[in-house]
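*Asks:* Everything below, folded, please.
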Amino acid sequence: EMSFSDGFPTLIACMEGKQYYLPFIGQFSAGKSKLINRLIGKEVLPTKSVETTAFLTYISYAEEECASLEYVDGTKESIEISRIKTLDHQHTCNGKPIAALRYAAPIELLKSGLILVDTPGVNTLINEHVKMTEELLQNSQFIVYVTASSLTDSDRRMIQNIGNLGIDMVFARTHVDEMRDSEEDVYSTIKQERELLQQVIGTSPDYFALCNEQNSPEFERWVSQYEVFKEYISQCLAAKIEEIYTRSTLGRLGIMKEKFEKALNTKLEFLKKNAEKSEAEIEETIAQLTQQRKSIDTRLKTQADRIKTSNDSTQSLLQSELQVQKNKQIKAFGHEVDGKTADNDLQNSVKRLFERQLPKAVD
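*Replies:* Predicted structure coming up:
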């Protein structure tokens, strides 16, 4: 999706330099270059049935006709007007990558500061073209979107991206002379295309059905529509360029405001949800820990009771066993003493018997 975060400062610089861009954007072979040639009244830009625009071409007003190339490395070079048509579909000149072509001439339509811009076809954009087109859109106040047939998916995506930038558009449907059906069907097709555009942009479009081929037998039939289109460019755009710029700037500021608010609201909701979620998680964790503590206390008490019971039983068994052993020793000692009663030295015998039996009693 097209970005606009860095575009507004550049837009201000364009206003201060009295540069008001009007890009012609659309599919390749839609007739953008030929339409621009008609508007400026000069066959300057190359026009073929294949993609011929390999870089951005700026057409502006000057007291004297001139042309120059701008290279990717930032250098510039003046060129002969006749060389412009030889540059079609070339990305380099003298071995250096071309960034843009600038053509200026005493064109009345552009005297107010309007700059027409020819662009590569949206369905043939390579990475370099995409970057150029994005930068161009950031500096543009209005767009002429050119189609040669019904809208394609590429058209819809590009139109939606432009609309998301808050830039107004006018639509030119070229090659209308190639509609071979009856007149009723032609106007019905145009009506359907207008309705489809309205669905894409959300408002009723400024739409012109045009014939670019002057050799076509249908040219005279549609020439009046071209005159209306040229009058629209002249009176509604070129003659009111600063008004258009102001309206465009305010519109784009509004888009920025809406997107910033949406982003902030999304972040706020995210924070709220996370805060609520964290509090709930803490409460749940506390409840789990409390339950675990109760379970552990219960298990410890059970084990303690078992140990106490086992200990009491063991002590009782030991006491009984000791008493039995004690009784046995006393009884054995008594038998020994009784057996020695006839002995002359009874005292000595008892003493020896006691010494012999005492360790057993201690054990």
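
*Asks:* what about the strands in this structure?
*Replies:* With DSSP state E, the ranges of strands along the chain come out as 20-26, 56-61, 66-71, 76-78, 92-93, 96-105, 114-118, 142-147, 168-173, 206-209.

*Asks:* mean pLDDT lowest for which of the ones you listed?
*Replies:* With a mean of 74, strand 92-93 has the lowest mean pLDDT of the strands of the chain.

*Asks:* Name every strand pairing with that strand and say which way it goes.
*Replies:* Its sheet considered, strand 92-93 pairs with strand 96-105 (antiparallel) by DSSP bridges.

*Asks:* Show me what the lengthiest helix in the chain is packed against.
*Replies:* The longest helix of the chain (DSSP state H) is helix 241-339. The contact analysis (3 or more C-beta pairs under 8 Å, 6 or more residues apart in numbering; DSSP states H and E) places helix 241-339 against helix 7-16, strand 20-26, strand 168-173, helix 346-362. The way it works is simple: take the backbone N, C-alpha and C, and place the C-beta from them, glycine included.

*Asks:* at 6 Å instead, please
*Replies:* helix 346-362 (3 or more C-beta pairs under 6 Å, 6 or more residues apart in numbering; DSSP states H and E).

*Asks:* ok now the helix it packs on, how far from the chain's centre?
*Replies:* Helix 346-362 sits 102 Å away from the centroid of its parent chain (C-alpha atoms, centre = their mean, to the nearest Å).

*Asks:* do the same with stretch 87-102
*Replies:* 32 Å.

*Asks:* returning to what we had before: pipe the strands of the chain into CSV and attach mean neighbour count and distance to Leu264 per row.
*Replies:* Below are these laid out as CSV (neighbours: other C-beta atoms under 10 Å; distance: least, C-beta to C-beta, whole Å):
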stretch, mean neighbour count, distance to Leu264
strand 20-26, 24, 31
strand 56-61, 22, 35
strand 66-71, 17, 39
strand 76-78, 11, 43
strand 92-93, 15, 46
strand 96-105, 18, 37
strand 114-118, 24, 34
strand 142-147, 25, 29
strand 168-173, 22, 27
strand 206-209, 20, 34
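
*Asks:* okay if I get the ones you listed as a markdown table plus distance to Gln235?
*Replies:* Listed next are the strands of the chain as a markdown table, based on distance: least, C-beta to C-beta, whole Å:
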| stretch | distance to Gln235 |
| --- | --- |
| strand 20-26 | 14 |
| strand 56-61 | 17 |
| strand 66-71 | 28 |
| strand 76-78 | 34 |
| strand 92-93 | 37 |
| strand 96-105 | 21 |
| strand 114-118 | 12 |
| strand 142-147 | 13 |
| strand 168-173 | 12 |
| strand 206-209 | 13 |
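
*Asks:* out of those strands, which comes closest to Glu135?
*Replies:* Of all the strands of the chain, strand 56-61 sits nearest to Glu135, with 8.9 Å by C-beta to C-beta.

*Asks:* Tell me the helices and strands packed up against that closest one.
*Replies:* Going by 3+ C-beta pairs under 6 Å, 6+ apart, strand 56-61 lies up against strand 96-105, strand 114-118.

*Asks:* swap the cut-off to 10 Å and go again
*Replies:* Applying 3 or more C-beta pairs under 10 Å, 6 or more residues apart in numbering; DSSP states H and E, one finds that strand 56-61 contacts strand 20-26, helix 32-40, strand 66-71, strand 96-105, strand 114-118, helix 127-138.

*Asks:* Figure out which of these is closest to Glu218.
*Replies:* With C-beta to C-beta, the closest approach to Glu218 among those belongs to helix 32-40: 15.3 Å.

*Asks:* In terms of secondary structure, what does that closest one contact?
*Replies:* Here helix 32-40 is seen to pack against strand 20-26, strand 56-61, strand 96-105, strand 114-118, strand 142-147, helix 219-231 when contacts are counted using 3+ C-beta pairs under 10 Å, 6+ apart.

*Asks:* ok and it relative to strand 168-173, angle-wise?
*Replies:* Interaxial angle of helix 32-40 relative to strand 168-173 (axes from the mean of the first three to the mean of the last three C-alpha atoms, to 10 degrees): 100 degrees.

*Asks:* just the angle between helix 32-40 and strand 56-61, please?
*Replies:* If you take the same axes, to 10 degrees, helix 32-40 sits at 0 degrees to strand 56-61.
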